[in-house]
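>>> Structure here, sequence nowhere to be found:
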């Protein structure tokens, strides 16, 4: 059994991770820390665990390196995981960081977009960007995973095949993303107060959302050239799910089959990427609660525009599920272990 | 492996059953019939199954008795299962009927409340009412289960301990039940059109809902006397879940501990009934997606009234989950096999 | 024109009051105070007012008595309005308090249920309980209105005809109330964080909600005897609306027409109370956005129980609308002035 | 008083129209027809009108020209209004058609996008496209208004200033629109069954939605050149509201102020268009229930892309409100008569 510790287990991503690990056949949860809830039984905070899991939240362990665990998950706001990690810890255990600290490889970029100084830039080079479908080999070998953001997973995977196959004009990309409200986390704010966001739709950060450089970094790497794109997130009154509608222009005469082929080439063997039949759009209801990402592929011949619609569960494939998928790869397990459930419907 | 056939697999209860059986370690699904969707792949109707299950819906098999299956689940509107069942079928396989045909033991009662003549009254005596926590022994021995309704499961289990322990005045019982909209099924109607029921609350059938006699029948049996109660269902704009608030008066001076003891006595060994700590009310979010029923117990000393709040997932413990639980009992499996997931949160 | 001041204008009830007064043909809004938002333009807080109202929030005026206004509305948490009111103020203007400070006539009762000492018990006797349909004459003559709570308006008006006509056993009353989430106000809390209450149902305070004594006080007064009842509020994921399902037992043989007649007697001339046709239940969607309260009347002959379903908009008839209705009565205007809109549908 | 008749008064747009006209100080409603509900009292269908409006739905009048009315509103599916209209009718009354029959000026275009032959192409030239802010003068003089679609109103008004000022590359336009579910009407369908669309997001018709040619026609006219754009509608689980996020590229070096100036030039005197302060995005909650359209203006300098976010109430500014606004213009009333309410919040 893999012995796992979780730091920051009472946010939404952390809690989803606990649920997935509790259900994972090869994992034992050794501890769950929570700065705001230590000393409280986990099942008092989340009564779905009542009568099922008997763990009391602890404070962040003083000496992480001495914890007898195989893997450490960290689900904290940016700035925290890099402050606590050391080379010694990374020698003793594998670390999967669900936060943003190690996602950007360029420390100046981090400092610019996160408006703060990176606490531990020396470790950045040790990290592998844990987008499983694109970085499987590197993930297998590293001890430090930067688990991607929810929007970024959806955006990058929607565009990667088109970029890799050099089918599109990189200057033409727009990602219009819609997220459920768990995407905003469990911390209280007026914008996520029920009666402020229910029955409403809005776009926040039409310019400058922090997931933008993360998407651009990966796509630029795949393209071998600098890519800049517009990414506009929207807040939608549902609990879970991200739907991305991606627009771009082909850089050559092209037909639907050629576009589809690019996706099949890249994802043909990936269990968690489902390419929907021609004419079918992605819907969040078919992926919520699962680790799947569904992709619908369209070519609008009238306007010569490629339109990709894609959907995933922001807390699973967009966070905790991908973290478990990364763990499975790192430990040589089958990639879908503990992640084999389909979406419950209707939820 | 238990070979299972499903008749009526494309309503909400049927689809939930398919999902649970697909996930069940001891079951193979042999066929799924659907009168309205035969010839269509199941994963075209419900794209959560896309790339996961390759079954085409068939028409109801002409000769059910000849199907080589161990258990037959029927999830059809009332009147249909009793029309198609025969003694020959019941000799060859176990049958679990999720519909209403065999729930009422008195055929006149059925004819009165369902405003139609029961198509097959001779079979009624063969059926066992499949409320697992109360009828486990009889379930083990029968070949025909009348799987209880969603409201009735919640109502009966909330009151059974008080009735069995003779603690309450049977004339004082009110069940105020609130249901999510899957409870109304998948057939189109104006009352379940999104924009007619969203952001609305109403009580329908304040008098005369068909689950009333089912609740009264079981409680009367437990009480050894005729019980009549008020049961008022309400339609609430959520997908899943039933919350029941049950009011009754003790028939003797009583304290909280005595009331709680009645629940512990009856449910102390039941995995799927969770008695919440004192002061905690049931919430649907902690049981949705699971087979649990949560029960909160209150004594209002000011008014000398016992108040029980209870919650379950209407499609799981209130339908498909209890059907699987019944199957597990009938086949000698551990009762929680295939039903061990906790609720995902938030959903 | 009536010159109005509003203290506490940025909570949900306060904001609804501003909207209604802005639309009222006989009122000028002179100031809006907000302890947390003074110095900010109202239309920056609530952008529905953008380009329509040019008022900057102020701090609570130091000397209220010196404000040149005719009516003062106060929409603050309990304890605040009584602290700031004086006899001098009441000599100079009419005051309508949307909070709880003057609703209970017995100061010990207040201290017990609100767990604090009433700051200004001397003024309690000056106040009239502003339930318009029951206290119209007293409202006309007073300078201080205790505007009723949302649950209490719904509960009292559902039961008053039965109490006044002495048709029911006062010991049999249960009010099962369901409220939308604006009922919990605009202050942030985990229980009203979107992803915590969306798709959930729960009962909070099954015992001991503070609206209980307010309901009991008024019904006891009408009954001429002490009435104790069970009132259980539930939180439902909709923005607005209260639905109450009221259960009680007749104290004599009775038929539907006699019950209905009691309601017609009391409310026959009331514009804002709509008695629904026989067999029709109240639904919140038909009253939201209006000052109406709809009442459905049922007699369950099987169990000899009267069931009343009633619906109102908690921010209008349950708060700001009733405050305006009180103002209209106090100033001799037609009662429906500024309150004549029907519900928009669907909302 | 203006005497008004309504054909098709029981769909969502029709019902909203009835509500607005009932509230309009200068209008008398003479009749409401409904093919499916004739003979039924309007307030039985929509109980918000209970005790407020005493009108029984009729069948479509046999001889419309003989009805003694000043204005006829038609809210029917496409193909119906053009079948029933004649030159004689248009000589006797003003007609405002909320359907699609007269929106496209090119009959072949209509036949292509609506997949049917236009029933009455001779009348097309008589119609004026009733987008009030752009066609005010022509509206004043015509007897036949083609009231714009909801998506089209939002899309055209978001882009018109940029097109008129020749600031953008017409080949770069993408409209990503999100609609509440009233946009799909009141007719039952699986896609608008509560439990199928609640907690879901999807894009339908990513290619080829019928509002596309309507948007392109108007923008091409304003541009003086043929414009083709991508318009992708999405279905969002809220009752009301459209949020459009519009992307395009400037055709010249430009700054924020120049873009804003184009909007001020065009809409500076329009009461119902609100240009939001710099940095503020449109949100549906601030316009729902009102005739406003809010516009947020952004320039993303990193990607050299203009991003417009705009919001309106699809049943008001996107349908019935604009119909009333057209009527006001046609009859020489102040444009905002009967349309002066701001949004209620929270709804």
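Right, received. Where do you want to start? The shown structure was predicted, so the numbers you read here are calculated from the model rather than taken from an experiment. Numbering: from 1, shown residues only, chains lettered A, B, ... in the order given.

>>> got the contact list for stretch A:100-117?
Stretch A:100-117 has contacts (Cβ atoms under 8 Å, 6 or more residues apart in numbering or on different chains) with A:78-82, A:118-121, A:123-125, A:127, A:129, A:144, A:146, A:148-149, A:152, A:208, A:210, A:212-214, A:217. The C-beta positions use only the backbone N, C-alpha and C, and glycine is treated the same way.

>>> Next, residue A:73: secondary structure please.
strand (DSSP: H, G, I helix; E, B strand; the rest coil).

>>> could you say which helix or strand contains the residue in chain A that chain C sits nearest to?
Of all residues in chain A, the one sitting closest to chain C is residue A:188 (4.2 Å; Cβ to the nearest Cβ). Secondary structure assignment for residue A:188, by DSSP states H and E: no helix or strand.

>>> wait, doesn't it sit right on residue C:189?
Yes. Proximity of residue A:188 to residue C:189 meets the contact threshold set by Cβ atoms under 8 Å, at 7.2 Å.

>>> re the thing from before, wait, what's in contact with the residue of chain A closest to chain C?
C:188, C:189, C:190, C:193.

>>> Quick check: the third one touching residue C:196?
Yes. At 5.7 Å, residue C:190 and residue C:196 qualify as touching, with contact defined as Cβ under 8 Å.

>>> Comparing these two, which residue is more hemmed in?
Using other Cβ atoms under 10 Å in any protein chain shown as the criterion, residue C:190 and residue C:196 rank with residue C:196 on top: 20 against 11.

>>> Quick one: mean pLDDT for the strand or helix carrying the more buried one?
Per DSSP H and E: residue C:196 is located in helix C:194-197. For helix C:194-197, the mean per-residue pLDDT is 98.

>>> list the helices and strands that helix packs on?
Using 3 or more Cβ pairs under 8 Å, 6 or more residues apart in numbering or on different chains; DSSP states H and E, the elements in contact with helix C:194-197 are helix A:194-197.

>>> Report the distance from the helix it packs on to the chain centre.
25 Å (Cα atoms, centre = their mean, to the nearest Å).

>>> helix or strand right after that helix?
strand A:202-203.

>>> can you list the residues of the stretch 151-300 of chain A near chain D?
Residues of the stretch 151-300 of chain A lying close to chain D (Cβ under 8 Å from any Cβ of the partner chain) are A:174, A:176, A:178, A:180, A:195-196, A:198-204, A:206-207, A:228-230, A:232, A:234, A:236-241, A:243, A:245, A:247, A:281-285, A:288, A:296, A:298, A:300.

>>> Distance of the single nearest residue of the stretch 101-250 of chain A relative to chain B relative to residue B:264?
Nearest residue of the stretch 101-250 of chain A to chain B (Cβ to the nearest Cβ) works out as residue A:239 at 4.5 Å. According to Cβ to Cβ, to the nearest Å, residue A:239 and residue B:264 sit 34 Å apart.

>>> out of the two, which sits in the busier spot?
Legend: neighbour count by other Cβ under 10 Å for residue A:239 and residue B:264, higher for residue A:239 (25 against 12).

>>> Tell me both backbone torsions, phi and psi, for that one.
phi -70, psi -50 (degrees, to the nearest 10).

>>> and what of the one 4 residues further on?
The main-chain torsion angles of residue A:243 are listed as degrees, to the nearest 10 and equal phi -120, psi 120.

>>> Show the contacting residues for the closest residue to it other than its chain neighbours.
Excluding its sequence neighbours, the residue lying closest to residue A:243 (Cβ to Cβ, 6 or more residues apart in numbering or on different chains) is residue D:201, at 4.2 Å. Listed by Cβ under 8 Å, 6+ apart, the contact set of residue D:201 reads A:178, A:180, A:236, A:238, A:241, A:243, A:283-284, A:311, D:234-237.

>>> which ones among these are found in strands?
Counted as lying in strands by DSSP state E, out of those, are A:178, A:243, A:311, D:234, D:235.

>>> burial count for the fourth one?
Close neighbours of residue D:234, defined as other Cβ under 10 Å, add up to 25.

>>> Show me the beta-bridge partners of it.
Taking DSSP bridges, one finds residue D:178, residue D:203 as the beta-bridge partners of residue D:234.

>>> And it, what's its pLDDT?
98.

>>> surely it meets residue D:200?
No. Applying Cβ under 8 Å, one finds residue D:234 not in contact with residue D:200, separated by 10.5 Å.

>>> in stretch A:303-315, what's buried?
Residues A:303, A:305, A:306, A:307, A:308, A:309, A:310, A:311, A:312, A:313, A:314, A:315 are the ones in stretch A:303-315 that count as buried (16 or more other Cβ atoms under 10 Å in any protein chain shown).

>>> Help me see whether it makes contact with chain D, please.
Yes. Judged by Cβ under 8 Å from any Cβ, stretch A:303-315 comes into contact with chain D at A:303, A:305, A:307, A:309, A:311.

>>> what is the mean pLDDT for the helix or strand harbouring residue A:328?
Assigned by DSSP H and E, residue A:328 belongs to helix A:321-330. Average pLDDT, helix A:321-330: 98.
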